[in-house]
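Chemist: Predicted model follows, preceded by the sequence.
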Amino acid sequence: MTNSIPVVCNTYQNHTLDSTRWAHYSPRPDDIVVATAGKSGTTWVQIIVMHLIFQDMQVRPIDEISPWFEVRFRDFDEILSTLERQRHRRVIKTHLPLDGLPYHEQVKYIVVGRDALDVFMSWWNFYGGFDDEVYENINGRWAGTPMPRCPDNIHEFWRDWIGKGWFDWETEGYPFWSNLRHMQTWWDFKHLPNILFVHFSDLLSGLETEIQRIADFLAIDLAPDMRSRIAGAVTFNAVKQNGDQLGRSGGFFHEGTNGRWRSVLSHQELKHYREAADRELSPDCAYWLENGRLHRDGVMPAPAPPAALAPK
C-alpha cells in the first residue's frame, strides 16, 4: 500500500457504472455510504441504517432515501436533487471499488462483504431474471459495449464471472465489475476509523449484535428494545414481504441463504475460485470474505484448507 488514505486511480464507466458522477458529490459531515460489490447484503444494510436514523419501523422507498449515486440508468440530476432536499442524515449507496471513489474523512463508510460463492449464486438468480425492458433500460443510456444477455447455462456464467473482468485492470466479475478485487481495495484501508466492515453471514447469525455494531459506529444511541424491534423488521421474510414499499419487488429478494453453490459448482470450478481468490485477495481478506466474524475477537484464525470448499 503506497498511500495512507485512498486516492482515485481508476475510472469506472460501463453499461451500469459512471464513477465520474462522484466528482459532483458534496459531503455533509454526517453522511453515510453503504458500499458493496453487489448481491452481498446492500439493501439489508441500507434498511438497517434507515431504521437507525429515523428510530422507527416505517418502511420507506430505498431509492428515495438512499440512492445509488453512480448508476448510469437513473437521472443524475434527480439523484442530486433528492440528496440535496434531504434534511435527515443521508445514506448513499455505491458499488464502486475504493480506487474509483473519492474518499472523505468526514463520511462514514459501511462496507458489506459476503462469500464470493454465495454472491455468485445471488447474481445468477438476479441476472437470470432480467427481461427485455431491463436490458433496454441499462443499455439504452450507454453508447459503449452493451451488457450481454445472461447465459442459459450457470456454468457458462461462472466461467466468465470468475475468470474475466469488464475493465482492463480486473480479472473477475464479468459482465458487471469485480467482486474480489473490489473488496480488496476497501480492505487495504481497514485501518481507517471511518470504515466499518459488516459480513452477510454475521448478519444471518447475530443480527442484533451487528445492528448494535453499526449503531455504535454511526454514534447513534440505541435502546435495547429499539434494537430488537429493528431486528424483527429486517429479517429476510419481513424485508421480502415489504418489497413493494421498499421499491424492491419481483425477484430482487430470492432466498437470503448461503451455501447453495455446494450442489451446483464442481470441484474444478471451485479450484478456479481458489485461484482467483489467491490472485486477488490477501489471506486475511480472503478469510474474512469466506467466514466473517473477524471483529469478534480481533484475531485471525488459520485459514481453512482449500479442500474445505469442495461440495459435500
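Modeler: Looks like it came in fine. Numbers count the residues shown, from 1 in each chain.
Chemist: next structured bit after the lowest-mean-pLDDT helix or strand in the chain?
Modeler: For the chain, the helix or strand with the lowest mean confidence is helix 243-246, at a mean of 61 (criterion: mean pLDDT, DSSP states H and E). Once helix 243-246 ends, the next helix or strand along the chain (criterion: DSSP states H and E) is helix 267-280.
Chemist: buried stuff in that following helix?
Modeler: For helix 267-280, a neighbour-count test (16 or more other CB atoms under 10 Å) marks 269-270, 272-273, 276-277, 280 as buried. Heads up, the C-betas are built off the backbone N, CA and C, glycines and all.
Chemist: Just name whatever secondary elements that helix is in contact with.
Modeler: Where contact means 3 or more CB pairs under 8 Å, 6 or more residues apart in numbering; DSSP states H and E, helix 267-280 is packed against helix 116-127, helix 154-163, helix 180-187, helix 283-291.
Chemist: I'd like these as a markdown table, with mean pLDDT appended.
Modeler: Supplementary listing: those in a markdown table, determined by pLDDT from 0 to 100:
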| stretch | mean pLDDT |
| --- | --- |
| helix 116-127 | 95 |
| helix 154-163 | 98 |
| helix 180-187 | 98 |
| helix 283-291 | 95 |
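Chemist: so which of those helices gets nearest residue 174?
Modeler: helix 154-163 (4.6 Å; CB to CB).
Chemist: what angle do that closest one and helix 180-187 make?
Modeler: Interaxial angle of helix 154-163 relative to helix 180-187 (axes from the mean of the first three to the mean of the last three CA atoms, to 10 degrees): 40 degrees.
Chemist: I'd like to know which of the buried residues of helix 267-280 is nearest to residue 219.
Modeler: Within the buried residues of helix 267-280, proximity to residue 219 (CB to CB) peaks at residue 280, which comes in at 33.3 Å.
Chemist: What is the neighbour count of the closest residue to residue 264 other than its chain neighbours?
Modeler: The shortest distance from residue 264 to any non-neighbouring residue, by CB to CB, 6 or more residues apart in numbering, is to residue 154 (6.4 Å). Applying other CB atoms under 10 Å, we find 19 residues neighbouring residue 154.
Chemist: residue ranges with poor pLDDT in the chain?
Modeler: Judged by pLDDT under 70, the chain has its weakly predicted residues at 1-3, 240, 242-257, 294-312.
Chemist: centroid residue for the chain?
Modeler: The residue lying closest to the centre of the chain (CA atoms, centre = their mean) is residue 36, at 2.2 Å.
Chemist: wait, doesn't that one sit right on residue 112?
Modeler: Yes: in this structure, residue 36 sits in contact with residue 112. The criterion is CB atoms under 8 Å, and the distance is 4.4 Å.
Chemist: Leaving out the residues flanking it, which one is nearest to residue 195?
Modeler: Skipping the residues right next to it in sequence, residue 195 comes nearest to residue 109 by CB to CB, 6+ apart, at 4.7 Å.
Chemist: hang on, the earlier thing: and for residue 36 and residue 112, which residues touch both?
Modeler: When contacts are counted by CB atoms under 8 Å, 6 or more residues apart in numbering, residue 36 and residue 112 have 42, 45 as shared neighbours.
Chemist: could you pull out the strands for this protein?
Modeler: Counting by DSSP state E, the chain has strands at residues 32-35, 91-94, 108-113, 195-199.
Chemist: Strand partners (parallel or antiparallel) of the first one?
Modeler: The partner list of strand 32-35 in its sheet, established with DSSP bridges, is strand 91-94 (parallel), strand 108-113 (parallel).
Chemist: Provide the count of other residues in contact range of residue 69.
Modeler: Residues contacting residue 69 under the criterion other CB under 10 Å number 23.
Chemist: correction: residue 85
Modeler: Residue 85 sits with 8 neighbouring residues when counted by other CB under 10 Å.
Chemist: cool, residue 55 as well?
Modeler: Neighbour count of residue 55, defined by other CB under 10 Å: 13.
Chemist: what's the answer for residue 185, then?
Modeler: Around residue 185 there are 21 other residues, counting by other CB under 10 Å.
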